[in-house]
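*Asks:* Using only what follows, build the 3D model:
(chains A and B)
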Amino acid sequence: MSRFRDILQSIDSRLDLPQPARSRIVLEIAADLDDTYQHYLAQGLPAGEAHRRAVARCDLSDDSLRQLVQIHANAWRRFLDRCGDQARSRLERAAFILVLGFILYFTVPLVLSSEFVQQASLFVGPILVMTIAALILAMLKFYQLFIRQDHDPRRLQRRLPVILYLAGANLLVGFYGHWLELYRTARWIERDLQWALAHLIDWATRSSALLIVCFLAVIFCSLLWFVLNDKAARIEQAEAAHLLKP
Amino acid sequence: MSRPSVQTQNLTKSCNEALILASLRAGPRHGYQLALDIEQKGGGTFKFNHGTLYPILHKLEKEGLIAGAWSAEGPRRKRKSYTLTGRGRRYADQQLAAWQEFMRRFLAVVENPKSDASRQGVDLEP
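*Replies:* Down below sits the predicted model:
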């Protein structure tokens, strides 16, 4: 518990910002409050006076808070924050289960069939490699979280955007492969017009299989990133909440 | 090329921003250190309340002129320090030059109010 719980609580309640921006500001103010307090103590002031002066110096006026809100405001996050913590958590869980259920029920059995893999474009290879890389990175983060019990949000967030970059790269490779396959098919048809329909069907099969794998990989990588990023944000919120605990 | 100028509409805010940027030219600082540094160097002239400090710091960070980094000191103690980015350093240099020019002109007016503005080469544009 922080010795500045009251002022931090007051700032936290007046700061109309979504998480984790609000917690970050509270944590920053808490550190500066403590430093200012230590500074006054080092100057020889009694603890009570040092506390009073630190609070007077670090308290944020409504106008300052409004300016901070204007700087950090983000419409979507504000909407989620206004849902309330419990409702937001339910909303996230429902969205997560819905997406996961959809993937499992409709696509995974299809993708796992040997016929599907044989038919898919060669571009599926790099997509699978990048997805496995994202999975390994996520597994390392889960190991850090649940086995090593390292709950430092900054260490958790380190290299986490790589998972999102891999999702983006998967999307790029998928679309690039799709258009390249179309170009190659068009060239084949140009050379061999009588087999045009067969070439087109072959392209449609390869390319749609590629896009299905691509979208699955993007959803999978994004979900991994979302879960880990949300966990890091919750740890940060818990840190701020610890300072505000009565 | 447009000449860097001081935003005179909100002089206090411009002044505080310039002070923060100047202090960060010396190296990374925490919010508390910035306030103390400016107060000490200014001989107590510039009293820096944190309510003034954070909106400016966060705005500069959002604009990419400074970068904030968290460092952990113990399990429950974390601090955020700010450092100038390359763009921020260039902006700070421009702002310093603008403030020197502003002060030169300001002193020219207050110290010699009877002098002819055109002779001093003062730009009368708003």
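
*Asks:* Helix or strand: which one has A:L135?
*Replies:* For A:L135, the element it lies in under DSSP states H and E is helix A:124-142.

*Asks:* Other residues contacting that helix?
*Replies:* With Cβ atoms under 8 Å, 6 or more residues apart in numbering or on different chains as the test, helix A:124-142 has contacts from A:117, A:156, A:159-160, A:162-163, A:166-167, A:169-170, A:173-174, A:209-210, A:213-214, A:217, A:220-221, A:224-225, A:228. From N, CA and C alone the C-beta is placed, and that goes for glycine too.

*Asks:* Can you point out the buried residues in the helix or strand following it?
*Replies:* Next helix or strand after helix A:124-142 toward the C-terminus (DSSP H and E): helix A:153-157. For helix A:153-157, the neighbour count (16 or more other Cβ atoms under 10 Å in any protein chain shown) marks A:P153, A:L156, A:Q157 as buried.

*Asks:* I'd like to know which elements helix A:153-157 is packed against.
*Replies:* Helix A:153-157 sits against helix A:196-244, with contacts defined as 3 or more Cβ pairs under 8 Å, 6 or more residues apart in numbering or on different chains; DSSP states H and E.

*Asks:* can you state the direction angle for the helix it packs on and helix A:124-142?
*Replies:* Per axes from the mean of the first three to the mean of the last three Cα atoms, to 10 degrees, the angle that helix A:196-244 makes with helix A:124-142 is 10 degrees.

*Asks:* related to what we said a few turns ago, buried set for the helix holding A:L135?
*Replies:* Buried residues in helix A:124-142, counted by 16+ other Cβ under 10 Å: A:V124, A:I127, A:M130, A:T131, A:A134, A:L135, A:L137, A:A138, A:K141.

*Asks:* cool, and stretch A:231-241?
*Replies:* Within stretch A:231-241, the residues that count as buried by 16+ other Cβ under 10 Å are A:K231, A:A232, A:A233, A:R234, A:I235, A:E236, A:Q237, A:E239, A:A240.

*Asks:* With distance to B:E61 and pLDDT as extra columns, can I get those residues in CSV?
*Replies:* Output for those, formatted as CSV (distance: Cβ to Cβ, whole Å; pLDDT from 0 to 100):
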residue, distance to B:E61, pLDDT
A:K231, 24, 81
A:A232, 19, 80
A:A233, 18, 79
A:R234, 23, 79
A:I235, 22, 79
A:E236, 17, 77
A:Q237, 20, 76
A:E239, 20, 74
A:A240, 19, 74
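
*Asks:* out of the residues you listed, which touch chain B?
*Replies:* A:E239 (Cβ under 8 Å from any Cβ of the partner chain).

*Asks:* which one of the buried residues of stretch A:231-241 is nearest chain B?
*Replies:* Nearest to chain B out of those is A:E239 (Cβ to the nearest Cβ; 7.4 Å).

*Asks:* Report how many residues lie close to residue 48.
*Replies:* Went with chain A since none was named. For A:G48, the neighbour count with other Cβ atoms under 10 Å in any protein chain shown is 8.

*Asks:* actually it's chain B I care about, not the one you picked
*Replies:* Count around B:F48 with other Cβ under 10 Å applied: 22.

*Asks:* where does it land in three-state SS?
*Replies:* What DSSP: H, G, I helix; E, B strand; the rest coil gives for B:F48 is coil.

*Asks:* For it, which non-adjacent residue is closest in space?
*Replies:* B:A35 (3.9 Å; Cβ to Cβ, 6 or more residues apart in numbering or on different chains).

*Asks:* to the chain's geometric centre, what's the distance from the helix or strand where that neighbour lies?
*Replies:* Following DSSP H and E, one finds B:A35 within helix B:31-41. Taking Cα atoms, centre = their mean, to the nearest Å, the mean C-alpha location of helix B:31-41 is offset from the chain mean by 13 Å.

*Asks:* Which residues does that helix contact?
*Replies:* Helix B:31-41 is contacted by residues A:28, A:31-32, A:35-36, A:39, A:57, B:19-20, B:23-24, B:26, B:29, B:46-50, B:53-54, B:57, B:80, B:82 when judged by Cβ under 8 Å, 6+ apart.

*Asks:* I am finished for the moment; much appreciated.
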